[in-house]
Every structure is written in structure tokens, then in C-alpha cells.
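Chemist: attaching a predicted model along with its sequence, questions to come.
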Amino acid sequence: MELIILTGMSGAGKSQAADFFEDQGFFCIDNLPPLILPELAKTFFKGQGGEGYGVEKLAFIVDIRSKELLKGFSAAIKRINEEVGCPYRIVFLEANDSVLISRYRQTRRKHPLQKDVSLADAITMERKMLQGIRALSSQVIDTSMMAISAFREELTALIEDDSSTGMSVFIESFGFKYGLPADCDNVMDVRFLPNPYYIPELKMLSGQDQGIIDYLEEFSETKDFLQKQYELYEFLIPLYIKEGKGRLHIGVGCTGGRHRSVYTAEHLYEFLTAKGFKTRLHHRDIDKDPKYKKESN
């Protein structure tokens, strides 16, 4: 049985994720107190007579609609490890405060903890209360700047990943001006490379365009840096796999996330894919520069 425990910040996308898992054949149970998770997991996995109930995909959704629901989460996970014996993943959905506030204002919904405090204070309280659960999570997904299509791709990759097929590598380009991805294992800063943004004829292109590629490859440091990264990850990834890591998230950042980071992420993706590693690529901020949008309209 495949078990996913879905949790995270209110407003970060748990409802959309639960709908997605249901579409993928998961039996979803929402708003569960952690203390009963082991019994339910054991029942579905082994059944009353030890033969199970034929449920191959199961998802529990745990959140903070009530403070009491968070009690005993660590103990519940320990019991699942000791008594149930089925593989599981704890998926934590994250978003920054400004995005969460914006989402609540757009939907006009009330935060579960927003009784005698402001929305901002309720979010701060929730984040503190979820720190322990976040630390236990197998995967953290930051939905702050993630389009629905990208979110679904991330969830698809999550359920397709299998420890028997080796570790998956997720490469994500981003712009430092928009903030670091929340769940990166490694961050590569390529702001030392010459910036095409200041070349008028290149400014509106991206790192996927030949003009940017040709420009960056005029500089020896570009190729030297890439070669060193190839060697580093060809060395590191087998060691991560040996240690049992299921997923490696590599962030590649430049200032705006459209030129240098995209170029570098594309080349690292091509190299690791050619080496046979299970690799995915996402450009988070390639279209998010407001100057780019304004000038292209």
C-alpha cells in the first residue's frame, strides 16, 4: 500500500492536492486527528483478518482546523513505523505569509486560528505550531509562486517516484529577487556570470534562447563552472542514493530567474539525464519579471 500523509499551512493548497490524489486513485480521508492514523493505516494495510481491504493508495489529510488535531503526530508516526510496516511519505505544503494573506482575502475565508487575532498573527501561530511536523516531512512543496500546472506536475512526480527505481533529481531555476525555493537541498548561485539583462538585444530573451546561450558561452568561466558542477553531482548523487535519499532538489538562482539560471539549469538537466539519472526540470520565475511583462505587452 502507498500511503501519503498530506499536511502543511492552511491556504497552501491541500484541497487542490487532495483532489489531485483522488483523481490518481488514492482513497483520501480528510481532517484526521493524528492519534488515529496508525489504527487506520493498519486496518487498510492489514485488514481485520490480516488480508487488507484492497486499498493500494491511501492519503490522510492532517491540518490545523483544530489545535487538538496536532497532538500526538510524532507518536503516531513512530507507531506507523513500528506497527504498520507500509511505506509512507509526509508531504508538507508551504507558502510565504504574503501569499497566504492574499489567498485568504481573495477567497474571503477565515483562517482556522483567526478568532481573537489578526490574519497575519494566525498564520504566524500556525507556522510555529507546525514546525515539528515540517521537520518530519519527506517533502516540502512551496506553492507561493507555483502555477496550478506546475503544482500538479510536482505532485505527479511525487507519486511516480519509487525507491526501487532510484533517487529522483528535481532541478529548479529561480530568481533571488523573488526568494529562495523553500525546499531546496542544494542552491547554486550563478549571479557571478555576466548578466545578459544589460545587453539591449538580449534583455527580453530567456536562457532557453540561442542568443543567451551564445552570449554566456563566450566566457570561459561559464563552461568551466558547468564542468565543475557536472563533476560534483556525478560524484554526489551516487552517495545520496547510497544513503537512501529519495529526492534531491537543486535550486539554480540568478537575479531575475530568466537568463543565467535558466541556461545553467537546462545544461545540468541535460547532463544528468544523459547519465541516466531520473531528472525533472522546472523554471519557476522565467516569466515573472514585471519589467519583462510590461515591455512585452
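Modeler: Structure's in. What do you need?
Chemist: any idea how far apart the tips of stretch 19-37 sit?
Modeler: Distance between the two ends of stretch 19-37: 20 Å, counting by C-alpha to C-alpha, to the nearest Å.
Chemist: looking at the chain, which helix is longest?
Modeler: Longest helix in the chain, counting residues (DSSP state H): helix 220-242.
Chemist: who are the packing partners of that helix?
Modeler: strand 247-254, helix 260-274 (3 or more C-beta pairs under 8 Å, 6 or more residues apart in numbering; DSSP states H and E). Just so you know, the C-beta spots here come from the backbone N, C-alpha and C atoms, and that holds for glycine as well.
Chemist: and the ones you listed, which is most packed in?
Modeler: Of all the helices and strands packed on helix 220-242, strand 247-254 has the most neighbours on average by mean count of other C-beta atoms under 10 Å, namely a mean of 24.
Chemist: who's in contact with Ile29?
Modeler: Leu40, Leu58, Ala59, Phe60, Ile61 (C-beta atoms under 8 Å, 6 or more residues apart in numbering).
Chemist: reformat the residues you listed as CSV; add distance to Ala147 and pLDDT.
Modeler: Listed next are the contacts of Ile29 as CSV, based on distance: C-beta to C-beta, whole Å; pLDDT from 0 to 100:
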residue, distance to Ala147, pLDDT
Leu40, 33, 86
Leu58, 28, 88
Ala59, 22, 91
Phe60, 26, 90
Ile61, 22, 90
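Chemist: which residues sit against the longest helix of the chain?
Modeler: So helix 220-242 is in contact with 166-167, 169, 188, 190, 192-193, 216-217, 248, 250, 264, 267-268, 271-272, 275, 277, going by C-beta under 8 Å, 6+ apart.
Chemist: hang on, the earlier thing: right, and the helices and strands packed on helix 220-242 - which one's nearest Ile133?
Modeler: Nearest to Ile133 among the helices and strands packed on helix 220-242 is strand 247-254 (18.5 Å), distances taken as C-beta to C-beta.
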